[in-house]
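Q: Sharing a model prediction with you, sequence too.
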Amino acid sequence: MPCYAISGVTSYELPACEASEPLYVRNNGPDILVVSPASGQTIGASASISLSPNDCMLINPIGTDWVLIMQPTDTLAISQIGYATGTGGSVTQITSVNTAVTLNKPCGKITMFAHDFSNNDIQSFQFNNSFIKEDDIIVTNIRSGSNKLNSQVDAVADGNCNITIADLHNQSTGVITVVINYAVIKGDS
């Protein structure tokens with residue numbers, strides 16, 4: 001069985017599952033290592049697995065996906081909780097505050113179309129993201145824009161969710177550009 005000891009990098013892409021054999025992957029550090037499958041494949045139904053320094057996993061190719069045989073012993077980073085630097089992305093909404101956006105990253109920022117939120121204004125848009133599954137928890141917060149606004153996520157489904165931004169104070173914000181941070185937390189129910 002091949003053993004991949006990875007060091008000095010923060011990301012590693014596995015070979016394609018087809019015609020592969022079981023693999024043992026170890027992070028020799030010093031940073032968090034994000035292990036990703038080839039395009040269109042998953043690892044244990046996830047888009048990637050984060051390995052802390054000195055952590056390892058055993059995976060087996062089944063069909064077109066990798067199955068975890070031995071889970072990482074520590075799925076949280078030693079020095080941080082969350083995603084490694086370079087994992088996220090950004091997208092800018094065009095046309096209106098209700099226009100759907102797509103960003104296939106597990107975390108990142110969404111820059112909304114400029115809008116005047118006033119008098120209890122509530123605006124929603126669809127967020128398309130291949131990392132989102134219906135059991136996941138999508139966390140959002142308003143990075144910049146106005147402290148009069150609130151963000152909410154609902155209608156979580158495989159590949160998308162709805163994000164709603166609402167004015168809480170019955171006062172106009174003026175035309176502003178709201179920037180939202182988000183992170184996908186994997187769930188199972």
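A: Nice, thanks for sending it over.
Q: Tell me where the chain is predicted with low confidence.
A: By pLDDT under 70, the low-scoring segments of the chain are 1, 71-82, 84.
Q: ok, now with 50
A: For the chain, the stretches flagged by pLDDT under 50 are 74-80.
Q: Now do the phi/psi pair for the most centrally placed residue in it.
A: Per CA atoms, centre = their mean, the C-alpha nearest to the average position across the chain is that of residue 106, at 1.2 Å. Residue 106 adopts backbone torsions of phi -70, psi -10, taken as degrees, to the nearest 10.
Q: which residues touch it?
A: Applying CB atoms under 8 Å, 6 or more residues apart in numbering, we find residue 106 in contact with 47-48, 83, 87-88, 131, 183-184. In short, each C-beta sits where N, CA and C put it, glycine included.
Q: mind redoing it with 10 Å?
A: Counting by CB atoms under 10 Å, 6 or more residues apart in numbering, residue 106 makes contact with 34, 46-48, 50, 82-83, 87-89, 129-132, 136, 182-186.
Q: quick one: stretch 157-173 to chain centroid distance?
A: Relative to its chain's centre, stretch 157-173 lies at 19 Å (CA atoms, centre = their mean, to the nearest Å).
Q: which of the residues in it are buried?
A: Residues 160-163, 165, 167, 173 are the ones in stretch 157-173 that count as buried (16 or more other CB atoms under 10 Å).
Q: how far does it stretch from start to finish?
A: End-to-end distance of stretch 157-173 (CA to CA, to the nearest Å): 31 Å.
Q: likewise stretch 172-184?
A: Per CA to CA, the first residue of stretch 172-184 is 31 Å away from its last.
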